[in-house]
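J.: I'll drop the sequence and a predicted model, then ask my questions.
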Amino acid sequence: MTRVTRRDFLRSASIGLGLAGCASTVKGDIVGQASSIAFSTESRNQVAQVRIALRVTKGTLRVAYQDLAGNQHLLVTPSEPADFRMQTRMHRERRSFTLSFEPVNGAVEGLTGTVKYSTP
């Protein structure tokens with residue numbers, strides 16, 4: 001497994017990317033500012049099927065994404081974790097899709113989750 005640290009996204013955070021490019025773990029002790037993560041594939045397909053599960057222990061996190069219907073967003077709180085599926089169109093040249101994260105009204109703590117995707 002390859003490990004990537006995104007200090008501009010999360011303080012004390014890591015994103016583990018599977019070698020096959022089909023599963024990623026997102027973990028962050030503190031999300032203090034808005035940022036995004038691109039999930040790259042080596043597939044030539046233009047659409048990815050994605051399942052996202054995210055939890056936080058403190059605060060509210062806005063997650064923005066683009067599915068086949070257009071721009072979407074949802075809020076993740078300790079009492080309302082996110083667990084959903086979507087289909088998204090991948091960037092034509094980079095063969096990737098992006099999730100954006102933004103803390104709402106202050107830093108978010110205890111982000112954990114998974115992003116699983118396939119390109120049928």
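T.: Sure thing, it's come through. These figures come from a predicted structure and were not determined experimentally.

J.: how near is Gly32 to Glu109?
T.: 10 Å (CB to CB, to the nearest Å). All C-beta spots, glycine's among them, are computed from the backbone N, C-alpha and C.

J.: err, Ala38, not the other one
T.: Ala38 is 24 Å from Glu109, by CB to CB.

J.: Which neighbours in the sheet does the longest strand along the chain have, and how are they oriented?
T.: Using DSSP state E, we find that the single longest strand of the chain is strand 96-118. Sheet pairing of strand 96-118 (DSSP bridges) gives strand 23-31 (antiparallel), strand 35-40 (antiparallel), strand 47-55 (antiparallel), strand 58-67 (antiparallel).

J.: from memory Ala38 sits against Glu93, does it?
T.: No: contact between Ala38 and Glu93 fails when scored by CB atoms under 8 Å: they sit 11.9 Å apart.

J.: Can you get me a residue count around Ala48?
T.: Around Ala48 there are 21 other residues, counting by other CB atoms under 10 Å.

J.: ok, it - contacts?
T.: Applying CB atoms under 8 Å, 6 or more residues apart in numbering, we find Ala48 in contact with Thr41, Gln87, Thr88, Met90, Phe97, Tyr117, Ser118, Thr119.
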